[in-house]
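In: No sequence on hand, only this structure:
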């Protein structure tokens, strides 16, 4: 059913320039000058994205963790599975609308979709290749690939390199955009009937008592629902707080000696919980993770960087508690300043969930239903 679902996603999620209509609620698609969108490049990127031959076992592709029938995630997995069913430390973020991110990965360690696409191939628990040469070998043994790379990039087979590969993948990923949710119809198109009464109450809570909009921002003419910043909200770091000084020192020493950060954060849960600190080494970044978009959030459970929170309601309860996981957990010393109890009642929590459910795009609903989810 995944192939059928992809038809719906591709039709409704094409970028501006490929189809004329920009999805309601989204800004113009950012495209780097050195990697313009073309239909041929997008088609090539689609094939590369789904090619399992780029893993050591021949069983894992980019699409394994970012599946069209799971809103471009691997929901309901807690953390992603790579070759030989090896499990990493991070919950797969959606590719949908990742084109609008200022950085990629939960800790922002990649500045672009092109750069992000390089890393999973070489990670030992994702696709496990020893070098990108293995990808180029597959391409050079495939007549169709050689024709496509010639058509798209004007290069001979011997001149194809990993930058060509990642540019094509990134171009395909930039087609994975979705807006036009019930919220968009309500807020940007002025349709008062697009949201339920409960969802409208939830929206009021979102921008007022819940203070959600402080990080999950809404602009005058669009909403990506992220400030693109990194915040410690009391997930993961609570478990290792007593070990943070020694762990951070040991990690910084290893990093100065050339440790691969990409591998470290995906193979060691404790290092993973260091969050943005592992990238910028700023104490203020300790345990901080990127604010994710809330678009389609209702269909991508579980939540947080480690997949440790099962439901949307549980997420809101976590925030309502001010980042304290339960009544006996202390608030960690590194928690972001905006994390404090919200004092929402049960009805308000239910209404906030209803609002978040209204951020799901119709195209994504169709894709998930067709995929049997």
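Out: Nice, I can see it. If you're wondering where the values come from, they're calculated on a predicted model, not measured in any experiment. Numbering: from 1, shown residues only.

In: Can you give me the pLDDT of residue 15?
Out: You'll see residue 15 listed with a pLDDT of 39.

In: right, I mislabeled it, should have said residue 133
Out: 98.

In: and what of residue 332?
Out: 73.

In: wait, what's in contact with it?
Out: 232, 234, 237, 238, 241, 287, 323 (CB atoms under 8 Å, 6 or more residues apart in numbering). For the C-beta atoms, the positions are set from N, CA and C on the backbone; glycine is no exception.

In: is it true that it lies in a strand?
Out: No. Assessed with DSSP: H, G, I helix; E, B strand; the rest coil, residue 332 is coil; it does not lie in a strand.

In: Need the contacts of residue 332 in a markdown table (columns: secondary structure, distance to residue 281 and pLDDT).
Out: Formatted as a markdown table, those follow (DSSP: H, G, I helix; E, B strand; the rest coil; distance: CB to CB, whole Å; pLDDT from 0 to 100):
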| residue | secondary structure | distance to residue 281 | pLDDT |
| --- | --- | --- | --- |
| 232 | coil | 15 | 96 |
| 234 | coil | 21 | 92 |
| 237 | helix | 16 | 89 |
| 238 | helix | 21 | 84 |
| 241 | helix | 18 | 85 |
| 287 | coil | 13 | 95 |
| 323 | coil | 23 | 86 |
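
In: Of those residues, which pair is most distant in space?
Out: The largest distance within the contacts of residue 332, taken as CB to CB, falls between 241 and 323 and amounts to 12.2 Å.

In: Give me the more crowded residue out of the two.
Out: residue 323 (23 against 19; other CB atoms under 10 Å).

In: Just confirm that one contacts residue 231, I think it does.
Out: No. Contact criterion CB atoms under 8 Å: residue 323 and residue 231 do not qualify, at 9.7 Å.

In: and for the two, which residues touch both?
Out: Common neighbours of residue 323 and residue 231 (CB under 8 Å, 6+ apart) are residue 339.

In: list the contacts for the spatially most central residue of the chain?
Out: Note on the chain: the residue nearest the mean C-alpha position is residue 93, at 2.6 Å, using CA atoms, centre = their mean. By CB under 8 Å, 6+ apart, residue 93 lies in contact with 73, 105, 106, 292.

In: Out of those, give me the one that has the most neighbours.
Out: Most surrounded of those: other CB under 10 Å gives residue 106, at 23 neighbours.

In: Not counting its neighbours along the chain, what's nearest that one?
Out: residue 305 (4.4 Å; CB to CB, 6 or more residues apart in numbering).

In: For the stretch 1-150 of the chain, give me the ranges with low pLDDT.
Out: Within the stretch 1-150 of the chain, the ranges that satisfy pLDDT under 70 run 1-21.

In: And the helices in it?
Out: 2-12, 39-49, 62-65, 113-116, 119-122, 133-140, 143-153 (DSSP state H, counting those that start in this stretch).

In: Which one of those lies nearest to residue 361?
Out: helix 2-12 (7.6 Å).

In: ok, back up a step: closest one to residue 188 among the helices of the stretch 1-150 of the chain?
Out: helix 2-12 (17.0 Å).

In: hmm, back to that, for the residue nearest to the centre of the chain, what are phi and psi?
Out: phi -70, psi 150 (degrees, to the nearest 10).

In: Let me see the confidence value for the nearest residue to residue 342 once chain neighbours are set aside.
Out: The spatial neighbour of residue 342 that comes closest, neighbours along the chain excluded (CB to CB, 6+ apart), is residue 320 at 4.7 Å. What the model reports for residue 320 is a pLDDT of 96.

In: so what's residue 320 up against?
Out: Here residue 320 is in contact with 341, 342, 343, 344, 349 (CB under 8 Å, 6+ apart).

In: Give the buried subset of those as a ChimeraX selection command.
Out: This is how ChimeraX selects the buried members of those, with burial counted by 16 or more other CB atoms under 10 Å:
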select :342,344,349
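
In: what's the closest of the contacts of residue 332 to residue 157?
Out: The nearest one, if we look at the contacts of residue 332 relative to residue 157 and count by CB to CB, is residue 287, at 46.4 Å.

In: For that closest one, list the residues it contacts.
Out: Per CB under 8 Å, 6+ apart, neighbours of residue 287: 232, 235, 236, 237, 273, 274, 275, 277, 332, 334, 335.

In: again, only using 7 Å
Out: By CB atoms under 7 Å, 6 or more residues apart in numbering, the residues touching residue 287 are 232, 236, 237, 273, 274, 275, 332, 334.

In: Distance check, the first one against residue 332.
Out: In this structure, residue 232 lies at 7 Å from residue 332, with CB to CB, to the nearest Å as the measure.

In: And for the second one?
Out: With distances defined as CB to CB, the gap from residue 236 to residue 332 amounts to 10 Å.

In: before we move on, the earlier item: spatially, which two of the contacts of residue 93 are the most separated?
Out: 73 and 105 (13.9 Å).

In: element containing the residue nearest to residue 106, please.
Out: Assigned by DSSP states H and E, residue 305 falls within no helix or strand.
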